[in-house]
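# Using only what follows, build the 3D model:
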Amino acid sequence: MLGAGVRAPFVLRGLVQQQDQLGLDQVVLHDRDPARLATMTALARHLCRTWGASFEVRGDDDPSAALAGARFVFAAIRPGQERARTFDEELPLKHGVLGQETTGPGGFAMAMRTIPAMLEHARTIQEVAPDALLINFTNPVGIVTQALHDHSSVRTVGVCDGPVSMHRSIAALLGLRPDRVHVDYAGLNHCGWIHRVLVEGVDRLPELLDRYEELRALEDHWRLFDTELVRTIGMLPMEYLYFFYYRERAVENILGSGGTRAAQIAAINDALWAELHALAAAGDLDRAAAAWERAMETRARTYFARERGEGLPTPSPEVTGEVEGEGYGGVATEVIRAAARRLRVPLVLDVANRGAIGCLGDDDVVEVTTMLDEHGPHPLAQGRLPDEAETLLRQVKGYERLTVRAATTGSYDTALQALLAHPLVGSYPIASSILDAYLSAHADHLVLT
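So this is what the prediction gives:
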């Protein structure tokens, strides 16, 4: 596991729940922050013992030693940590532009810092674990996975928990187990739609569009979108499309909330790490575990609240059975289970397109319903999407491709072109101002010529 962040225990819990099928003997945590690695390793061991793990958990600050011989590598790293994310999200807001760390220009800055670090890890994997499958959860997932596809030979899939939550709530509305419902999802990471819902071969999407008010009442995610909009586009949008369909409202709500999600997460995590370090040093890991649970509940209750312009939402455990992050670990575990048990499992993954979405190139990394087995991912053909959806996908993918090129060549001009191509920016004065400010703030990570 590359990155011993606060969501690492979610992955470990998923591994424990499936350990009888996975055949794991060891999970190794790696992080470049020694203090955080030591604390999270101690907490992880304690939690895994509590959950009845049969595998060993250890930490290693040497990436080559941590990765050596690994069959699976899970990556969730964050160069610059939460303070960099906070700057990334706050800066564009000064120009009336969404900053968000994946969908907005904040995602550009995150990608520019992260791609070189992930490619460095990929080179290490190629040397010491050439047969490993890399499961990438590092944001922005689609752009980072694109860079790994283009510039390394490591077998890689990108994962996102958003489509999983959509699938589960749809199944709940239909009164069926999720495994009885097949969804066809097509798009890019944080920019996609469910455009077909099959139950015993019958497409139930028209029924879901008719019953969209019931979906809105079932889970907060669906309340982001007006029923008239959803019926107009004829598909079920994933939550981050809110930033494209309601861009002015999202910016206004964030500005009116008095702060960004990044600043909110930074405050939660800073307080949590201080408590975890102290409790781990004192050997009080029961209290450390309780502190972690409370912090994760707080993150869940405040998810998307600022952007929506509402009070703190109430989690819906009757629908998802999880706080923010549980789906995160579940998707990773399903990827490992499919490969380890030689199963064919339908999952929404970020993979090379290979014709799945006709308006994009074969080597464009897309987020689509995929059959995964021990041989790797097999994206399912999604057919034509509405013209307006394909137009947005082509524009976003063009921005992603330019961002990868800028991060791997160090070209200032290409980085500027990427921001100009971004559908939420598109203005030369704003793009150049944002880029120059990012370069100044992140001089340790970003150097362009």
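# all contacts plus neighbour counts: C-alpha atoms, from now on.
OK.
# low pLDDT regions in the protein?
Low-confidence segments of the chain, defined by pLDDT under 70: 311-326.
# Doesn't residue 28 lie inside a strand?
Yes - membership of residue 28 in a strand is supported by DSSP: H, G, I helix; E, B strand; the rest coil.
# for the stretch 1-150 of the chain, what spans make up the strands?
Under the criterion DSSP state E, counting those that start in this stretch, the stretch 1-150 of the chain carries strands at the ranges 26-29, 56-59, 72-75, 133-136.
# Given the last one, what are its sheet partners and their directions?
To tie it back to what came earlier, the one meant is strand 133-136. Strand 133-136 has the following strand partners under DSSP bridges: strand 72-75 (parallel), strand 155-159 (parallel).
# residues contacting residue 54?
If you count contacts by C-alpha atoms under 8 Å, 6 or more residues apart in numbering, residue 54 has them with 16, 19, 25.
# need those in TSV with distance to residue 304 and neighbour count, can you?
Written out in TSV, the entries for these read as follows (distance: C-alpha to C-alpha, whole Å; neighbours: other C-alpha atoms under 10 Å):
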residue	distance to residue 304	neighbour count
16	29	21
19	33	19
25	37	11
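# For residue 169, state which of the residues you listed is nearest.
Minimum distance to residue 169 across the contacts of residue 54 is 24.6 Å, recorded for residue 16 (C-alpha to C-alpha).
# Now that closest one: closest residue in space that isn't a chain neighbour?
Nearest non-adjacent residue to residue 16, counting by C-alpha to C-alpha, 6 or more residues apart in numbering: residue 53, 5.4 Å away.
# show me where the stretch 51-200 of the chain has helices.
Secondary structure of the stretch 51-200 of the chain (DSSP state H, counting those that start in this stretch): helices at 63-67, 81-93, 105-128, 141-151, 162-174.
# now what about the last one, what contacts it?
With contact meaning C-alpha under 8 Å, 6+ apart, helix 162-174 is reached by 177-178, 180-181, 183, 185, 190, 214-215, 218-219, 238-239, 319-320, 327, 331, 348.
# Just the CA coordinates for stretch 296-311, please, in PDB.
Only the C-alpha atoms of stretch 296-311 are listed here, as PDB (Å, rounded to 0.1, in the frame of the first residue of the first chain):
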ATOM      1  CA  MET A 296     -14.200   9.300   9.400                       C
ATOM      2  CA  GLU A 297     -17.800   9.800  10.500                       C
ATOM      3  CA  THR A 298     -17.300  13.600  10.500                       C
ATOM      4  CA  ARG A 299     -15.800  13.400   7.000                       C
ATOM      5  CA  ALA A 300     -18.800  11.400   5.900                       C
ATOM      6  CA  ARG A 301     -21.400  13.800   7.400                       C
ATOM      7  CA  THR A 302     -19.800  16.800   5.700                       C
ATOM      8  CA  TYR A 303     -19.300  15.200   2.300                       C
ATOM      9  CA  PHE A 304     -20.500  17.600  -0.500                       C
ATOM     10  CA  ALA A 305     -22.300  19.800   2.000                       C
ATOM     11  CA  ARG A 306     -20.500  23.000   1.100                       C
ATOM     12  CA  GLU A 307     -21.000  22.400  -2.700                       C
ATOM     13  CA  ARG A 308     -24.700  21.700  -2.200                       C
ATOM     14  CA  GLY A 309     -25.300  24.800  -0.200                       C
ATOM     15  CA  GLU A 310     -27.200  22.900   2.500                       C
ATOM     16  CA  GLY A 311     -26.700  22.000   6.100                       C
END
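# Write down the beta-bridge partners of residue 187, one by one.
residue 192, residue 367.
# residue contacts, it?
Counting by C-alpha under 8 Å, 6+ apart, residue 187 has contacts 193, 357, 366-368, 393.
# Nearest to residue 7 among those?
Proximity of the contacts of residue 187 to residue 7 (C-alpha to C-alpha) peaks at residue 367, which lies at 22.1 Å.
# Could I get the buried residue list for the helix or strand where residue 248 lies?
Element membership of residue 248 [criterion: DSSP states H and E] is helix 247-257. Taking 16 or more other C-alpha atoms under 10 Å as the neighbour-count basis, helix 247-257 is seen to contain the buried residues 247, 250-255, 257.
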